[in-house]
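Visitor: okay, predicted coordinates and the sequence, questions at the end:
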Amino acid sequence: MTFTKKMMTATAALALTAGAAFADAHKMNPMVGGAEMSMDMNIVENAANSADHTTLVAAVQAAGLAETLSGEGPFTVFAPTNEAFDRLEPGTVETLLMPENKEMLVKILTCHVVAADVMSDAIVGMIEADGGTHAVTTLGGCVLQASVEDDMVKLVDENENAAFVEIADVKQSNGVIHVINGVMLPKQ
């Protein structure tokens, strides 16, 4: 092989390696709500950038949890979308956002938070190790039942409300977000 061909081959290999590294760096976090999710930002900062999580962000602020969820963590947040909140009874969100209902709002929101950094492969592993269903205890004291259905992680709260993880493994500086399509509620 001539020197020129060796250089071209080496340059091509280097370009492919750099391209693969660039692609890997950019596929690390999925887009959420039309926004890039930075691994250098915390849960609240990233959620605030998502057009799909404006209700969640408003609720976190009304509950006084923004500082906590901006803290060191680690936290795993099962983050309901605006559409998930819209599926609640009409007027529920507006009622929960009232200052006199802050305690209930905190309870509901913390039923979506785990004090650990748990990626989806770990959740699936725990589900498999437990024979198909794994109990997930949240900071709010709720116990969610995690299982896999149609190749998606499914969560069921203590009231039999179900939600699926629509976007998994959105890495944050202080944990991870899994976007879900339902709202988990404490036992009523």
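Guide: Everything's here; your move. Numbering: from 1, shown residues only.

Visitor: wait, residue 184 touches residue 154, no?
Guide: No: at 11.7 Å, residue 184 does not count as touching residue 154 under the criterion of C-beta atoms under 8 Å. The C-beta positions use only the backbone N, C-alpha and C, and glycine is treated the same way.

Visitor: what about these two, which has more around it?
Guide: residue 184 (25 against 19; other C-beta atoms under 10 Å).

Visitor: for the more buried one, what are its contacts?
Guide: 78, 80, 108, 111-112, 138, 142, 144, 155, 157, 161, 163 (C-beta atoms under 8 Å, 6 or more residues apart in numbering).

Visitor: any idea how far residue 65 is from it?
Guide: 15 Å (C-beta to C-beta, to the nearest Å).

Visitor: just residue 82 next, same as before
Guide: Per C-beta to C-beta, residue 82 is found 18 Å from residue 65.

Visitor: please name the bridge partners of the residue lying closest to residue 114 once chain neighbours are set aside.
Guide: Residue nearest to residue 114 in three dimensions, not counting chain neighbours: residue 76, with 4.2 Å by C-beta to C-beta, 6 or more residues apart in numbering. Beta bridges link residue 76 to residue 114, residue 176 when assigned by DSSP bridges.

Visitor: confidence score at residue 76?
Guide: pLDDT recorded at residue 76 is 96.

Visitor: same check on residue 26?
Guide: Value for residue 26, per-residue pLDDT: 44.

Visitor: and the average pLDDT for the biggest strand by length in the chain is what?
Guide: In the chain, assigned by DSSP state E, the strand with the most residues is strand 162-172. The average pLDDT within strand 162-172 is 95.

Visitor: give me the buried positions along that strand.
Guide: Neighbour-count burial for strand 162-172, counted by 16 or more other C-beta atoms under 10 Å, picks out 162-163, 165-172.

Visitor: which other helices and strands does that strand contact?
Guide: Applying 3 or more C-beta pairs under 8 Å, 6 or more residues apart in numbering; DSSP states H and E, one finds that strand 162-172 makes contact with helix 43-49, strand 75-80, helix 120-129, strand 152-156, strand 175-180.

Visitor: if we use 6 Å, what do you get?
Guide: Packing partners of strand 162-172 (3 or more C-beta pairs under 6 Å, 6 or more residues apart in numbering; DSSP states H and E): strand 152-156, strand 175-180.
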